[in-house]
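Colleague: For reference, the sequence and a predicted model appear below.
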Amino acid sequence: MDIIHLLPDSVANQIAAGEVIQRPASCLKELVENSLDAGATRVQVIVRDAGRTLLQVIDDGIGMSETDARLAFERHATSKIREAQDLFSLRTMGFRGEALASICAVAQVEMTTRRKEDETGTLLEIHGSDIVRQEPCSCPVGTNIKVSNLFFNVPVRRKFLKTDQTELRNLLTEFYHIVLVYPKVTFTFVHNDEILLELPAGSEKQRIEAVFGNPKKNVYTSAFVDINTDTELVSIHGFVVKPENATKKSEQYFFVNGRYMRHPYFLKAVQTAYSGMLSNDYQPSFFIYFTIAPEAIDVNIHPTKTEIKFADEQTIFQILMASVREALGKFTLAPQIDFDTTGSIDIPVAQTHPVSLPKVTVDPNYNPFHSRQSYVEQQRPVSHWESLYEGLKNERSHSELNDGMSASLNDDLLRPEDVESCPLWQYAGKYILLPTSHGLVLINQHRAHTAVLYHQFLEQLRMTQGAMQQLLFPEVLVLPPDEMVLVDHLLPDLRAIGFDIEQLSPDSFSIQGLPAQLANQSAVLVVQDIIHNVRERGADTQTEWREQIAVTMAESAAIPNGKTLSEEEMRELVTKLVELPQYQRTAKGKTIVSLLSDEEIGRRF
Ligand code: ADP
Ligand code: MG
């Protein structure tokens with residue numbers, strides 16, 4: 001008996017949907033990209049329950065004919081490419097003809113659409129790939145797609161979704177990626193009847209301000225300088241933050257030919273351009289737009305992936321780095337150099353001012369499109385890429401070495417009674433040294449204090465008994481919508497730990513008091529760091545976000561390296577450290593305690 005058969009379309013579509021539509025955010029991305037491909041000048045997004053119950057996108061684009069409306073939901077139905085050749089010259093966002101077929105396989109879809117030249121439009125209703133209604137209707141020019149009850153027929157997917165806050169944040173992140181490259185299109189984003197974003201058409205800079213800042217004040221974008229470079233191979237323009245305006249929380253966006261992309265290698269180029277200018281933990285924010293011949297990039301990879309391959313990544317790396325350096329150099333700098341080097345490594349040689357523009361040699365005869373073969377050959381920037389990480393690798397092997405050492409530490413090595421009586425010294429303003437029967441123990445003072453505070457803060461969160469210190473002058477915290485969403489569920493815990501924080505307006509808070517241990521810190525910066533860390537970690541449950549609150553506060557409040565400690569202070573710190581359930585590593589896994597063994601010392605003589 002033959003055993004191979006073709007899957008029914010509905011099943012095939014559901015399988016494909018798993019690839020393309022993983023969560024409400026991927027559905028939103030597909031719908032909005034379709035609107036833009038259809039030439040819309042105004043796109044409205046209406047969401048309910050973070051997209052679980054409703055995701056609606058209304059545009060004023062070209063619309064569809066009656067036949068096209070029906071065909072649009074077939075798999076591999078697309079108006080955008082005709083032959084494989086076209087794949088290499090893509091200028092639209094979508095092209096695989098899979099999105100609508102996938103969406104209608106896992107949701108209830110209602111669409112109305114009309115072309116300018118048609119008097120009546122078409123209404124189409126599809127439930128899980130079955131057409132339940134198709135009829136003429138009267139509607140405005142453009143397309144209005146309503147996706148209800150996403151994953152209604154795929155319970156596993158539904159269960160897989162995170163909390164509404166997280167899914168809404170994902171929706172907004174996806175939305176940002178798109179609106180930042182279409183500043184000429186007007187967008188609105190409404191969630192549960194509340195307007196979260198209203199973005200009028202304007203310049204790129206105005207769009208960035210409208211998303212992350214305040215269009216009335218232009219404070220956000222005034223912290224940036226322009227970059228602008230035109231070469232045969234690539235044009236790069238955009239905005240990079242002035243070094244003194246950098247913060248721990250950064251917005252880092254690369255776009256290529258109107259599409260958001262992640263590119264760790266190019267990120268390294270930007271970071272390298274800033275090296276020596278930012279203090280520890282600070283990251284440059286940037287919005288960088290590349291324009292390149294479509295043939296020189298490869299976007300025909302997984303639909304949900306945002307990594308894009310370039311034909312000549314090494315040259316672009318150099319051009320990008322030079323371009324950022326030039327922008328930063330033009331803008332006269334007072335580099336902030338933090339001599340506290342804990343934890344982070346500057347990758348290539350730190351550059352202090354004056355910032356000079358490195359010479360980039362760009363081969364004017366270079367043609368990335370010469371032959372497919374040279375294209376493939378050029379796709380191997382690996383060796384250079386790896387050499388950038390040499391420093392990191394060394395650091396890693398170094399800490400692995402440390403691990404070896406601390407592995408030999410047994411838990412009773414640092415008994416409380418030893419700490420009580422032994423002599424203690426401070427070395428280099430950073431380390432506490434104490435002799436034990438096994439050898440010399442070295443303790444990183446900042447990390448030790450971080451670990452002690454971390455446990456204290458976690459306990460205070462559990463007991464809701466943080467001690468608060470009133471601020472003389474309340475500070476105001478303004479947040480973009482995706483972060484406002486986050487704060488909602490963090491508020492009770494922030495208050496429990498000692499922040500006196502009240503909502504002022506839909507996008508701002510006033511902070512009147514902060515935890516006593518943070519008394520000389522900026523309340524706004526600490527709260528921003530907390531939100532940032534919660535967002536980065538995707539901390540979704542109370543346990544997870546409490547950990548992030550405690551870690552962030554502990555890192556801010558811990559004694560810095562470079563601070564001279566009295567013997568008494570050191571003893572108190574080490575005593576508290578050894579009482580912790582796990583005192584050899586911080587919550588982030590960094591080594592706190594290291595042993596220089598007797599043998600190790602003996603070998604030196
Ligand atoms: P793709 O975008 O890859 O072509 P989709 O499944 O997303 O595939 O869409 C299929 C087709 O439906 C598109 O090629 C386009 O012709 C049509 N279409 C989808 N959305 C819209 C819209 N908002 N306005 C006009 N046409 C649309
Ligand atoms: Mg599409």
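Modeller: Yes, it's here. A quick note: this is a predicted structure, and the numbers were derived from the prediction, not measured. Ligands and ions are numbered 1, 2, ... in the order given.

Colleague: Pop out the phi and psi values for I62.
Modeller: phi -70, psi -20 (degrees, to the nearest 10).

Colleague: Can you read off the pLDDT for it?
Modeller: Listed pLDDT for I62 reads 96.

Colleague: can you pull the contacts of it?
Modeller: A38, G39, R115, K116, G142 (Cβ atoms under 8 Å, 6 or more residues apart in numbering). Just so you know, the C-beta spots here come from the backbone N, C-alpha and C atoms, and that holds for glycine as well.

Colleague: one more time with 10 Å, if that's ok
Modeller: Neighbouring residues of I62 by Cβ atoms under 10 Å, 6 or more residues apart in numbering: 37-40, 68, 79, 113-117, 141-143.

Colleague: so which one among these has the lowest pLDDT?
Modeller: Note: of these, the lowest pLDDT belongs to S79, at 71.

Colleague: which element is it on?
Modeller: Per DSSP states H and E: S79 is located in neither a helix nor a strand.

Colleague: What is the burial count for it?
Modeller: Per other Cβ atoms under 10 Å, the neighbour tally for S79 reads 16.

Colleague: Please report how far it lies from ligand 2.
Modeller: To ligand 2, S79 is 10 Å away according to Cβ to the ion, to the nearest Å.

Colleague: now swap in R48 and tell me
Modeller: In terms of Cβ to the ion, R48 sits 22 Å off from ligand 2.

Colleague: For the nearest residue to that residue once chain neighbours are set aside, give the beta-bridge partners.
Modeller: Closest residue to R48 apart from its sequence neighbours, by Cβ to Cβ, 6 or more residues apart in numbering: L54 at 3.8 Å. Counting by DSSP bridges, L54 is bridged to R48, S148.

Colleague: isn't L54 right up against I145?
Modeller: No - counting by Cβ atoms under 10 Å, L54 sits too far from I145 to count as a contact (11.0 Å).

Colleague: Pick out whichever of the two has more residues nearby.
Modeller: Set side by side, L54 and I145 show more neighbours around I145, with 24 against 19, by other Cβ under 10 Å.

Colleague: and C27, how many residues sit next to it?
Modeller: 27.

Colleague: got it, and V109?
Modeller: V109 is flanked by 25 other residues according to other Cβ under 10 Å.

Colleague: where does this structure have low pLDDT?
Modeller: Scanning the chain for pLDDT under 70 picks out the ranges 1, 7, 10-19, 80-96, 299-305, 331-413.

Colleague: contacting residues around the spatially most central residue of it?
Modeller: Closest to where the C-alpha atoms of the chain average out (Cα atoms, centre = their mean) is E536, at 6.3 Å. The contact partners of E536, by Cβ under 10 Å, 6+ apart, come to K249, Q548.

Colleague: ok, 7 Å please
Modeller: E536 makes no contacts at all, as judged by Cβ atoms under 7 Å, 6 or more residues apart in numbering.

Colleague: any idea whether it is helix, strand or coil?
Modeller: Three-state call for E536 (DSSP: H, G, I helix; E, B strand; the rest coil): helix.

Colleague: what does H237 give?
Modeller: Assigned state for H237: strand (three-state reduction, three-state DSSP).

Colleague: Remind me which helix or strand E135 belongs to.
Modeller: Counting by DSSP H and E, the element that carries E135 is strand 130-137.

Colleague: Find the closest residue to ligand 2 in the stretch 401-550 of the chain.
Modeller: Using Cβ to the ion, the single residue of the stretch 401-550 of the chain nearest to ligand 2 is D482, 23.9 Å away.

Colleague: is it true that that residue lies in a strand?
Modeller: No - D482: not assigned to a strand; according to three-state DSSP it is helix.

Colleague: what residues are up against it?
Modeller: Counting by Cβ under 7 Å, 6+ apart, D482 touches R169, L172, T173.

Colleague: Could you do R495 as well?
Modeller: Taking Cβ under 7 Å, 6+ apart as the criterion, R495 is in contact with I501.

Colleague: can you confirm it is in a helix?
Modeller: Yes - judged by three-state DSSP, R495 forms part of a helix.

Colleague: With only the CA atoms kept, save the strand holding E135 in PDB.
Modeller: What follows is strand 130-137, C-alpha atoms only, in PDB (Å, rounded to 0.1, in the frame of the first residue of the first chain):
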ATOM      1  CA  ASP A 130     -12.300  28.200   5.700                       C
ATOM      2  CA  ILE A 131     -14.100  31.000   3.800                       C
ATOM      3  CA  VAL A 132     -17.300  31.700   5.700                       C
ATOM      4  CA  ARG A 133     -18.400  34.800   3.800                       C
ATOM      5  CA  GLN A 134     -17.400  36.700   0.700                       C
ATOM      6  CA  GLU A 135     -19.600  39.500  -0.500                       C
ATOM      7  CA  PRO A 136     -19.400  43.000  -2.000                       C
ATOM      8  CA  CYS A 137     -19.500  45.800   0.500                       C
END
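
Colleague: strand partners of it, parallel vs antiparallel please.
Modeller: Assessed with DSSP bridges, strand 130-137 is paired to strand 121-127 (antiparallel).

Colleague: Residues contacting the partner strand, please?
Modeller: 66, 69-70, 73, 104, 108-114, 131-139.

Colleague: quick one: it to chain centroid distance?
Modeller: Its chain's C-alpha centre and that of strand 121-127 lie 37 Å apart, by Cα atoms, centre = their mean, to the nearest Å.

Colleague: Check which residues of that strand are buried.
Modeller: For strand 121-127, the buried set under the neighbour-count rule, 16 or more other Cβ atoms under 10 Å, comprises G121, T122, L123, L124, E125, I126, H127.

Colleague: Which members of the contacts of strand 121-127 are classed as buried?
Modeller: Buried residues within the contacts of strand 121-127, defined by neighbour count using 16+ other Cβ under 10 Å: 66, 69-70, 73, 104, 108-114, 139.

Colleague: Make a markdown table out of those and add distance to S566 and secondary structure.
Modeller: Conversion of these to a markdown table gives the following (distance: Cβ to Cβ, whole Å; DSSP: H, G, I helix; E, B strand; the rest coil):
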| residue | distance to S566 | secondary structure |
| --- | --- | --- |
| E66 | 84 | helix |
| A69 | 78 | helix |
| R70 | 80 | helix |
| F73 | 74 | coil |
| C104 | 70 | helix |
| Q108 | 69 | strand |
| V109 | 70 | strand |
| E110 | 72 | strand |
| M111 | 73 | strand |
| T112 | 75 | strand |
| T113 | 75 | strand |
| R114 | 79 | strand |
| C139 | 77 | coil |
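
Colleague: Now Y427: phi and psi?
Modeller: As for Y427, its main-chain torsions (degrees, to the nearest 10) stand at phi -120, psi 130.

Colleague: Can you give me the distance of the closest residue in space to E30 that isn't next to it in sequence to T113?
Modeller: Distances taken as Cβ to Cβ, 6+ apart place A99 nearest to E30, at 3.7 Å, with adjacent residues excluded. To T113, A99 is 15 Å away according to Cβ to Cβ, to the nearest Å.

Colleague: Kindly report the same for V534.
Modeller: When V534 is compared with T113 (using Cβ to Cβ), they lie 40 Å apart.

Colleague: how many other residues sit next to whatever residue of the stretch 451-600 of the chain ends up closest to ligand 1?
Modeller: Closest to ligand 1 within the stretch 451-600 of the chain is P481: 24.1 Å, counting by Cβ to the nearest ligand atom. P481 has 21 neighbours, counted by other Cβ under 10 Å.

Colleague: ditto for the one 3 residues further on
Modeller: M484 is flanked by 18 other residues according to other Cβ under 10 Å.

Colleague: Equivalent analysis for T41, please.
Modeller: 15.

Colleague: So it is in contact with P183, correct?
Modeller: No - shown here, T41 and P183 do not form a contact pair, counting by Cβ atoms under 7 Å, at 11.8 Å.

Colleague: Which parts of the stretch 201-350 of the chain are helices?
Modeller: Assignment of helices within the stretch 201-350 of the chain using DSSP state H, counting those that start in this stretch yields the ranges 204-212, 264-273, 313-330.

Colleague: would JSON lines of those helices with mean neighbour count be doable?
Modeller: Output for those, formatted as JSON lines (neighbours: other Cβ atoms under 10 Å):
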{"stretch": "helix 204-212", "mean neighbour count": "21"}
{"stretch": "helix 264-273", "mean neighbour count": "19"}
{"stretch": "helix 313-330", "mean neighbour count": "22"}
